[in-house]
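Q: 3D, please:
(one chain, ligands or ions: 1)
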Amino acid sequence: MTTIPLSLDGITDIPPGKLANVAILLQMFAPPEGFSPMRAPFGYALERLKGDSLERYRKLYRVVGGPWLWYLRLQLSDEDLTATLDSRDVEAFALSGAGGDIGILELDFREPGEVELAFFGLAPDAIGGGLGRYLMGEAISRGFVRGSKRMWVHTCNFDHPKALDFYIKSGFTPYSRCIEVADDPRLTGLLPRGAAPHVPLIEPQDNA
Ligand SMILES: CC(C)(COP(=O)(O)OP(=O)(O)OC[C@H]1O[C@@H](n2cnc3c(N)ncnc32)[C@H](O)[C@@H]1OP(=O)(O)O)[C@@H](O)C(=O)NCCC(=O)NCCS
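A: Residues are numbered from 1 along each chain as shown. The predicted structure follows:
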């Protein structure tokens with residue numbers, strides 16, 4: 001791992017080819033008061049994805065997460081992704097409608113006593129129509145049904161501009177922030193170069 005000093009009172013240059021973002025961590029300790037999950041909106045269904053659905057999972061992950069530079073799951077080999085999706089402590093779901101898969105919900109119970117809302121989102125065309133609220137109801141009820149004491153999620157400044165507000169309205173409370181630095185997935189080939197135009201692509205030589 002390469003490290004550089006971080007200025008806590010000013011600007012720190014990020015090396016060529018790297019991306020940096022500020023992530024906010026949010027948590028809840030129980031479903032919000034009066035919480036009750038919604039029924040699936042007419043024409044939509046939630047389906048568990050296991051290790052025999054790698055291509056379907058990766059396609060959905062790219063459709064939902066590509067516009068926001070999600071790349072973590074795209075780095076996993078077939079073997080590692082199969083093991084993740086087949087783990088009894090990971091629950092990944094596809095939300096689908098007439099046009100196919102349009103939403104992802106993934107809960108990670110691997111840390112005892114808590115659950116991470118690891119991936120959560122809708123395809124761009126599906127945002128803003130109430131499906132997020134339905135999907136969050138599923139996340140909260142499924143997340144706490146196993147007896148977890150805490151559910152947490154992280155969102156960063158590459159995500160949808162309303163995501164943070166959405167999580168807060170859904171009952172999460174921000175408790176920490178961190179800086180994430182990683183190789184730009186558009187330069188490593190994990191995502192197309194045109195993905196996420198709100199995060200400008202800087203060629204390493206332009207930065208030299
Ligand atoms: C985050 C995301 C799922 C929200 O989806 P959405 O379609 O906007 O959600 P909804 O239409 O169901 O929510 C509509 C509204 O209800 C609000 N809402 C949702 N749950 C609520 C609740 N329990 N109580 C009160 N308000 C609530 C939302 O904040 C939103 O408010 P607004 O109309 O004032 O903006 C969507 O923006 C998305 O998929 N973004 C891309 C991926 C991403 O950024 N994921 C999060 C990062 S990990």
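Q: can you classify the residue nearest the centre of the chain by secondary structure?
A: Centroid-nearest residue in the chain: residue 119, 3.1 Å away (criterion: C-alpha atoms, centre = their mean). Secondary structure for residue 119, judged by DSSP: H, G, I helix; E, B strand; the rest coil, is strand.
Q: for the residue nearest to it when sequence neighbours are not counted, list the residues it contacts.
A: Residue nearest to residue 119 in three dimensions, not counting chain neighbours: residue 106, with 4.0 Å by C-beta to C-beta, 6 or more residues apart in numbering. (Glycine included, C-beta is placed from N, CA and C.) The contact partners of residue 106, taken as C-beta atoms under 8 Å, 6 or more residues apart in numbering, are 90-93, 117-120.
Q: selecting buried members of those residues in PyMOL, what would you type?
A: In PyMOL syntax, the buried subset of the contacts of residue 106 is picked out as below (16 or more other C-beta atoms under 10 Å):
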select buried, resi 90+91+92+93+117+118+119+120
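Q: of the contacts of residue 106, which is the nearest to the ligand?
A: Nearest to the ligand out of the contacts of residue 106 is residue 120 (C-beta to the nearest ligand atom; 5.2 Å).
Q: so what pLDDT did that closest one get?
A: At residue 120, the pLDDT value in this model is 98.
Q: can you check residue 205 too?
A: For residue 205, pLDDT reads 81.
Q: pretty sure it is in a helix, no?
A: Yes - per three-state DSSP, residue 205 lies within a helix segment.
Q: secondary structure class for residue 147?
A: Residue 147 is classified as coil under three-state DSSP.
Q: picking that back up, any idea which element the residue nearest to residue 119 lies in?
A: strand 100-108 (DSSP states H and E).
Q: can you narrow the contacts of residue 106 down to the ones near the ligand?
A: Restricting those to those adjacent to the ligand (criterion: C-beta under 6 Å from any ligand atom) gives residue 120.
Q: quick check: bridge partners of the residue lying closest to residue 105 once chain neighbours are set aside?
A: Once flanking residues are discounted, residue 105 sits nearest to residue 93: 4.5 Å by C-beta to C-beta, 6+ apart. Residue 93 has the following beta-bridge partners by DSSP bridges: residue 48, residue 105.
Q: now do the same contact list for residue 93.
A: 46-49, 104-106, 138.
Q: can you rerun that using 6 Å?
A: Going by C-beta atoms under 6 Å, 6 or more residues apart in numbering, residue 93 touches 46, 48, 105.
Q: report the buried members of these.
A: Of these, these count as buried by 16+ other C-beta under 10 Å: residue 105.
Q: how about a markdown table for the contacts of residue 93, with distance to residue 13 and pLDDT added?
A: What follows is these, written out as a markdown table (distance: C-beta to C-beta, whole Å; pLDDT from 0 to 100):
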| residue | distance to residue 13 | pLDDT |
| --- | --- | --- |
| 46 | 44 | 97 |
| 48 | 44 | 98 |
| 105 | 37 | 98 |
